[in-house]
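Asker: Here's my sequence, what's the structure:
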Amino acid sequence: MNDDRERDEDSLSDVWFTNWEQQCMQHLDSEPEYEGQLNSERDLSTQKAWCSFQNAAASIAQLYKDRLQHSSSLWVPFQTAAGTVATLYKESSDSIRRAGELGIQAGYQRRNKEMLNWARKKRRYIRREDLISYLAGKALPPRATPHHHRSTPRPLLLVTDRHSPNIHQSNSDLHHHHHHFSETNSNNTLDDNLHMFREALSLPVGCGLKRQRSVELNTFMAGEFARHSKRSPPPASSHSPPPPHDVNMDSPTHPKRQRFM
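Answerer: You can find the predicted model right below:
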């Protein structure tokens, strides 16, 4: 009996919609399937990432081999290796961006289709609690709750060490000093290596299409270095002086610090 009633309501549901509403529903139904595009983009991104990784790994291995055979001309193999690593990063970033855009579109499309199908099957009026529970993805609470049991929450016990606060403070200071010293040394080495990496990308390799792609890759990486360098640094500790606001990577007058990772 209930199934017959639902079928009768579905057959009469189209009568409730105006011509403009039917045109809107047809427009939604004719949209491209973003879910399938997202799956295809995911597979394509995986293949591109694997190919870029293979090229980068092969270039690094070739650079290792050429260190003994052509010790006087290692700059070109180093440029090739730097270009393949930068290409791996660029294609990965583009894949993440495209997948994110398609994912948002697919999510909106799925939500619109679910709400449209729901509106087609429901009556003319939709209860507010039904709509909120649908958007939240939660079931409606039971309507009748005759018994309410109130229980007193148990207090939380905080265990603290009151005997040796100075010991903990001294250990923390010692650990911070050691960490800051090792981090400063690693930052100096990292900045030097990144500067050489950027220098290898700044000089175009080859001619024609290969040279144009090298210029585009250098422009992309320069923008990425600039974008990451603008990110706010972590809050400085009270035991160390605040870092300078403007740091020139190539200037020897400023202390170098990690800016790109």
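
Asker: Was I right to think F197 contacts G83?
Answerer: No. Using CB atoms under 8 Å, F197 is not in contact with G83; the gap is 10.3 Å. The way it works is simple: take the backbone N, C-alpha and C, and place the C-beta from them, glycine included.

Asker: Distance of K138 relative to N112?
Answerer: Separation of K138 from N112 (CB to CB, to the nearest Å): 20 Å.

Asker: if you count what's nearby, which of those two comes out ahead?
Answerer: Set K138 next to N112 and count neighbours by other CB atoms under 10 Å: N112 wins out with 12 against 9.

Asker: give the contact list for the more buried one.
Answerer: L28 (CB atoms under 8 Å, 6 or more residues apart in numbering).

Asker: where's it relative to D192, distance?
Answerer: 53 Å.

Asker: go on, E114?
Answerer: Going from E114 to D192 by CB to CB gives 55 Å.

Asker: neighbouring contacts of stretch 99-110?
Answerer: E31, E33, Y34, E35, Q37, L38, E41, R42, S45.

Asker: And the last one, what's its pLDDT?
Answerer: In this prediction, S45 carries a pLDDT score of 91.

Asker: To which secondary structure element type does it belong?
Answerer: Following DSSP: H, G, I helix; E, B strand; the rest coil, S45 is assigned to helix.

Asker: TSV please, covering the contacts of stretch 99-110 and showing secondary structure.
Answerer: Output for these, formatted as TSV (three-state DSSP):
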residue	secondary structure
E31	coil
E33	coil
Y34	helix
E35	helix
Q37	helix
L38	helix
E41	helix
R42	helix
S45	helix
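
Asker: Drop anything exposed from the residues you listed.
Answerer: Buried subset of the contacts of stretch 99-110 (neighbour count, 16 or more other CB atoms under 10 Å): Y34, L38, E41, S45.

Asker: Can you tell me which of these comes closest to S95?
Answerer: Of all the buried ones among the contacts of stretch 99-110, S45 has the smallest distance to S95: 3.6 Å, by CB to CB.

Asker: closest to R128 among the buried ones among the contacts of stretch 99-110?
Answerer: Of all the buried ones among the contacts of stretch 99-110, Y34 has the smallest distance to R128: 29.6 Å, by CB to CB.

Asker: need the contact list for F17.
Answerer: Under the criterion of CB under 8 Å, 6+ apart, the neighbours of F17 are M25.

Asker: how much space between it and A119?
Answerer: Remark: distance between F17 and A119 (CB to CB) = 9 Å.

Asker: again, but for Q109
Answerer: For Q109, the distance to A119 equals 16 Å [CB to CB].

Asker: And for A222?
Answerer: Distance, A222 to A119, using CB to CB: 50 Å.

Asker: who has more neighbours, those two?
Answerer: More crowded of A222 and A119, by other CB under 10 Å: A119, with 16 against 13.

Asker: and that one, what helix or strand is that in?
Answerer: helix 75-121 (DSSP states H and E).

Asker: Following the chain onward from that helix, which element is next?
Answerer: helix 128-136.
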